[in-house]
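[1] Provided below for reference: sequence and predicted model.
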Amino acid sequence: MSDEIEVNATRKYKLDYIVTEGKQPPPEIHGDVFDRQRVMKNFDQHSVEQQHVFVLGVGGIGSSIAMSLVRMGVDTIYLLDRDFVDASNLNRQILFSLLDVGKSKVEVAAQHLKSIHNLRTNIYDYRMDAVINWSCVVEIAKKCTVIFNNIDYGAVFDYAVNSLCKSLG
């Protein structure tokens with residue numbers, strides 16, 4: 001079945017499917033999902049699409065950042081967190097639901113982010129402790145253009161991440 005929808009009466013997107021509960025939509029929607037960003041004055045969508053971003057911690061702030069980055073169209077996101085979803089997380093961590101309680105935060109976050117329709121961000125998830133596996137953090141950071149530190153280990157860890165960023169340029 002075919003249908004058309006109008007988006008703000010400026011562009012028509014032809015849909016050759018019907019979204020039904022429990023079924024995945026096809027991999028592509030006709031049209032550019034970032035067309036609004038491409039026409040914004042002083043906004044360089046091409047630059048956004050070339051970014052490799054490291055999100056340390058996917059809790060309250062980290063999950064919101066990761067969701068925004070995917071929806072902006074960044075090229076690659078590396079997610080790192082050691083924690084598991086707890087019921088107390090559900091009121092403030094947008095990537096998780098009751099069905100995710102007890103599961104790895106980064107694995108659930110990556111799965112949810114990959115399901116966002118028609119967005120092509122590469123997503124890599126690492127379930128590990130950033131302090132114990134600092135050498136892995138450094139290696140991942142070397143691949144990135146932007147780093148978000150959302151881990152609440154305290155000031156010493158924050159200083160370490162800051163020093164790492166400064167040393168990488």
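    The structure has been received and is ready for your questions. Residues are numbered from 1 along each chain as shown.
[2] now the helices for this protein?
    Along the chain, the stretches classed as helices by DSSP state H are 35-38, 45-48, 60-72, 105-114, 134-141, 155-168.
[3] check contacts around Gly57.
    If you count contacts by CB atoms under 8 Å, 6 or more residues apart in numbering, Gly57 has them with 80-81, 130, 149-152. C-beta here means a position set from N, CA and C on the backbone, and glycine is covered the same way.
[4] same question but for Ile140, I mixed them up
    So Ile140 contacts 54, 78, 80, 126 (CB under 8 Å, 6+ apart).
[5] likewise Val70?
    Val70 is in contact with 77, 113, 116, 119, 121, 123, counting by CB under 8 Å, 6+ apart.
[6] and Met128, how far is that from Gln50?
    Separation of Met128 from Gln50 (CB to CB, to the nearest Å): 27 Å.
[7] Show me the beta-bridge partners of the nearest residue to Tyr124 once chain neighbours are set aside.
    Spatial nearest neighbour of Tyr124, excluding adjacent residues (CB to CB, 6 or more residues apart in numbering): Tyr78 at 5.0 Å. Legend: beta-bridge partners of Tyr78 under DSSP bridges are Phe54, Tyr124.
[8] Count the neighbours of Tyr78 for me.
    By the criterion of other CB atoms under 10 Å, Tyr78 has 22 neighbours.
[9] pLDDT score for Tyr78?
    Looking at Tyr78, its pLDDT is 98.
[10] my read: it touches Cys144, true?
    Yes: if you go by CB atoms under 8 Å, Tyr78 and Cys144 touch, sitting 6.6 Å apart.
[11] Give me the common contacts of the two.
    Applying CB under 8 Å, 6+ apart, one finds that Tyr78 and Cys144 are jointly contacted by 52-54.
[12] most surrounded residue in the residues you listed?
    Phe54 (24 neighbours).
[13] I'd say that one and Ala141 touch.
    Yes: under the criterion of CB under 8 Å, Phe54 makes contact with Ala141 at 5.7 Å.
[14] For these two, list the residues in contact with both.
    Any residue near both Phe54 and Ala141 by CB under 8 Å, 6+ apart counts here, and that gives Ile147.
[15] Quick check: the gap between the residue nearest to Thr121 when sequence neighbours are not counted and Leu90.
    With sequence-adjacent residues excluded and distances taken as CB to CB, 6+ apart, Thr121 is closest to Val70, at 4.9 Å. Distance from Val70 to Leu90, counting by CB to CB: 20 Å.
[16] what does Asp81 give?
    Taking CB to CB as the measure, Asp81 falls 16 Å from Leu90.
[17] No more questions from me, cheers.
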